[in-house]
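Peer 1: Predicted model, plus sequence, below.
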Amino acid sequence: MSQAAAPRPANFSDHQSEIYLNGMLAGRTPAITTDLAGLEERAREVLPPEALGYVVPSAGSGATARANRAAFDRWRILPRMLRGAARRDLGCTVAGTDLPAPVLIAPMGVQTLAHPEGELATARAAAALGVPYVHSTQASHSFEQVAEAGGPAAPRWYQLYWPTDREVCLSFLRRARAAGYSALVVTLDVPLMGWRPADLDRGFLPFLDGVGIANYLTDPAFRAGLARPVEEDPGAAALHWAGMFPHPQLGWDDLPFLREHWDGPILLKGICAVEDAELAAEHGMDGVIVSNHGGRQVDGAVAALDALPAVADAVGDRLTVLFDSGVRTGADVVKALALGARAVLLGRPVLYGLALDGQRGVEHVLRCLLAELDLTVALTGHTSHRELDRRTLLPA
Ligand SMILES: Cc1cc2nc3c(=O)[nH]c(=O)nc-3n(C[C@H](O)[C@H](O)[C@H](O)COP(=O)(O)O)c2cc1C
Ligand SMILES: O=C(O)C(=O)c1ccccc1
């Protein structure tokens with residue numbers, strides 16, 4: 001009598017077999033391309049011009065976003081053979097949060113531009129896979145709505161754009177805590193908005209239309225500063241936001257205030273310089289996110305991937321080093337991890353999936369990215385992404 005085979009633990013790459021079987025046995029093919037690098041092109045076909053102009057392009061001439069991609073292309077992966085990689089474990093704990101794989105969803109505001117359900121659809125998709133969702137201060141849905149959409153078990157972090165009004169800032173931190181956001185991401189690279197010709201040419205800024213300021217409009221401290229209720233004068237509320245959003249006077253000395261009022265992990269997003277990573281450590285932060293905001297801020301900035309190794313070398317033993325800007329495929333994730341990131345944040349591809357098919361579209365993008373990541377880990381001879389290091393890469 002033959003012994004029943006032990007059930008094989010699911011690998012993310014099983015998604016690949018599902019796709020083949022669906023095609024061969026049921027004649028069903030994926031509704032959206034599995035070519036993750038080709039998603040932008042598909043999304044361009046469905047996004048309305050204003051949304052397209054906000055989501056896809058970058059600051060100035062677009063040089064930073066191009067540099068982000070070029071930096072990935074300058075590294076080549078070195079596969080290793082015969083190392084027994086049948087089962088992979090991509091799970092990890094980052095800033096106190098358990099992740100099924102070293103991937104989070106980057107904070108991105110105003111997601112109703114991509115799809116009417118906006119952040120709610122993305123949060124549901126993230127929850128379906130157990131991937132942490134990072135809620136933007138500039139979201140088109142509130143803390144509470146996004147938390148409810150994800151459900152109580154879904155891991156979630158909050159990304160702060162520090163309003164000039166301290167009471168509003170405190171209220172945001174309180175609401176985030178109460179709604180179950182466990183870690184705080186403080187984005188530092190938008191003290192002012194970058195020069196974005198695609199939006200400027202249209203004179204388009206969604207927030208001034210009341211879109212992407214849901215956290216503010218639902219906030220008691222924000223509403224207390226309005227002469228008339230939001231419902232009666234939404235235009236004045238949007239202008240009140242505009243007076244509160246840019247905060248270029250912030251300095252390192254302001255960080256103790258956050259420590260005092262946030263009792264979970266704090267990560268600084270938008271760090272590229274080693275000196276700033278050192279300052280983050282000196283100021284008692286828990287982590288940094290190496291990022292140039294997907295090229296949306298400084299035109300001609302250093303590619304985030306080029307900044308990563310030195311930051312990881314300098315503070316990786318003391319701080320959690322995460323990475324975003326330019327990640328498009330599972331192989332990209334492998335490169336960022338090999339260069340020192342503990343996990344990566346996925347940006348625009350999530351919005352492309354959202355634009356193409358709402359929650360289902362985001363789930364598709366996540367499943368494909370995790371499947372390709374898992375396959376790349378296996379094909380390079382590893383059983384865990386934790387084994388990746390600089391020996392995994394060669395310069396192109
Ligand atoms: C439409 C859009 C909105 C964004 N909004 C925010 C935001 O509210 N807060 C933030 O910290 N970063 C924001 N980002 C930046 C992302 O968190 C991330 O750094 C960037 O998208 C990474 O680059 P990539 O999309 O090219 O991979 C936004 C990015 C996009 C594309
Ligand atoms: O669009 C962005 O990249 C972003 O993070 C932002 C959010 C609010 C105002 C300005 C920029």
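Peer 2: Great, that's in hand. Residues are numbered from 1 along each chain as shown. Ligands and ions are numbered 1, 2, ... in the order given.

Peer 1: Which residue comes closest to Ala126 once chain neighbours are left out?
Peer 2: Nearest residue to Ala126 in three dimensions, chain neighbours excluded: Tyr133, at 4.0 Å (Cβ to Cβ, 6 or more residues apart in numbering). The way it works is simple: take the backbone N, C-alpha and C, and place the C-beta from them, glycine included.

Peer 1: same check, this time on Leu379
Peer 2: Using Cβ to Cβ, 6+ apart and skipping the chain neighbours, the partner closest in space to Leu379 is Pro79 (5.7 Å).

Peer 1: distance of the one you found from Val334?
Peer 2: 11 Å (Cβ to Cβ, to the nearest Å).

Peer 1: need the strands for this structure, in chain order.
Peer 2: 75-77, 92-94, 97-99, 103-105, 133-136, 156-160, 184-187, 266-271, 287-290, 320-323, 343-346, 393-395 (DSSP state E).

Peer 1: Give me the helices and strands touching the longest one, please.
Peer 2: The one in question is strand 266-271. For strand 266-271, the packing partners by 3 or more Cβ pairs under 8 Å, 6 or more residues apart in numbering; DSSP states H and E come out as strand 184-187, helix 274-282, strand 287-290.

Peer 1: Flag every residue of the stretch 51-200 of the chain that's near ligand 2.
Peer 2: Applying Cβ under 6 Å from any ligand atom, we find that the stretch 51-200 of the chain lies next to ligand 2 at 109, 138, 190, 193.

Peer 1: So which residue is smack in the middle of this protein?
Peer 2: What sits nearest the mean C-alpha location of the chain, by Cα atoms, centre = their mean, is Ala106, with 1.0 Å.

Peer 1: Which residue is the nearest non-sequential neighbour of it?
Peer 2: Nearest non-adjacent residue to Ala106, counting by Cβ to Cβ, 6+ apart: Leu345, 3.8 Å away.

Peer 1: can you give me how far the top helix by length along the chain is from the chain middle?
Peer 2: In the chain, with assignment by DSSP state H, the single longest helix is helix 348-379. Its chain's average C-alpha position is 13 Å from that of helix 348-379, according to Cα atoms, centre = their mean, to the nearest Å.

Peer 1: Is that helix positioned near ligand 2?
Peer 2: No: residues of helix 348-379 are not located near ligand 2 by Cβ under 6 Å from any ligand atom, the shortest gap being 10.3 Å.

Peer 1: and that helix, what does it pack onto?
Peer 2: Where contact means 3+ Cβ pairs under 8 Å, 6+ apart, helix 348-379 is packed against helix 14-26, helix 39-46, helix 49-55, strand 103-105, helix 118-129, helix 330-338, strand 343-346.

Peer 1: 6 Å instead?
Peer 2: Judged by 3 or more Cβ pairs under 6 Å, 6 or more residues apart in numbering; DSSP states H and E, helix 348-379 is in contact with helix 14-26, helix 39-46, helix 118-129, helix 330-338.

Peer 1: Can you redo those helices as a markdown table, where the extra columns are mean neighbour count, distance to Ala236 and mean pLDDT?
Peer 2: Converted to a markdown table, these look like this (neighbours: other Cβ atoms under 10 Å; distance: least, Cβ to Cβ, whole Å; pLDDT from 0 to 100):
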| stretch | mean neighbour count | distance to Ala236 | mean pLDDT |
| --- | --- | --- | --- |
| helix 14-26 | 12 | 49 | 98 |
| helix 39-46 | 16 | 34 | 98 |
| helix 118-129 | 24 | 24 | 98 |
| helix 330-338 | 25 | 43 | 98 |
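
Peer 1: export the ones you listed to CSV and tack on distance to ligand 1?
Peer 2: As requested, the helices and strands packed on helix 348-379 are exported to CSV (distance: least, Cβ to the nearest ligand atom, whole Å):
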stretch, distance to ligand 1
helix 14-26, 21
helix 39-46, 10
helix 118-129, 10
helix 330-338, 9
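
Peer 1: Next, format the ones you listed as a markdown table and append distance to Val298.
Peer 2: Listed next are the helices and strands packed on helix 348-379 as a markdown table, based on distance: least, Cβ to Cβ, whole Å:
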| stretch | distance to Val298 |
| --- | --- |
| helix 14-26 | 37 |
| helix 39-46 | 21 |
| helix 118-129 | 26 |
| helix 330-338 | 20 |
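
Peer 1: quick one on the thing from earlier: now the residue nearest to the centre of the chain: how far from Asn22?
Peer 2: With Cβ to Cβ as the criterion, Ala106 and Asn22 are 29 Å apart.

Peer 1: low-confidence ranges in the stretch 1-150 of the chain?
Peer 2: 1-9 (pLDDT under 70).

Peer 1: Show me what from the stretch 1-150 of the chain comes close to ligand 1.
Peer 2: Taking Cβ under 6 Å from any ligand atom as the contact definition, the stretch 1-150 of the chain meets ligand 1 at 54-55, 106-109, 136, 138.

Peer 1: and what of the stretch 251-396 of the chain?
Peer 2: Contact residues (Cβ under 6 Å from any ligand atom) of the stretch 251-396 of the chain with ligand 1: 269, 291, 293-294, 324-327, 347-348, 351.

Peer 1: Can you tell me the closest non-neighbouring residue to Gly330?
Peer 2: Once flanking residues are discounted, Gly330 sits nearest to Glu372: 2.9 Å by Cβ to Cβ, 6+ apart.

Peer 1: Go ahead and confirm the one you found touches Arg328.
Peer 2: No: look at Glu372 against Arg328 with Cβ atoms under 6 Å: they stay out of range, at 10.2 Å.

Peer 1: that older thread, report how many residues lie close to the residue nearest to Leu379.
Peer 2: Pro79 has 12 neighbours, counted by other Cβ atoms under 10 Å.
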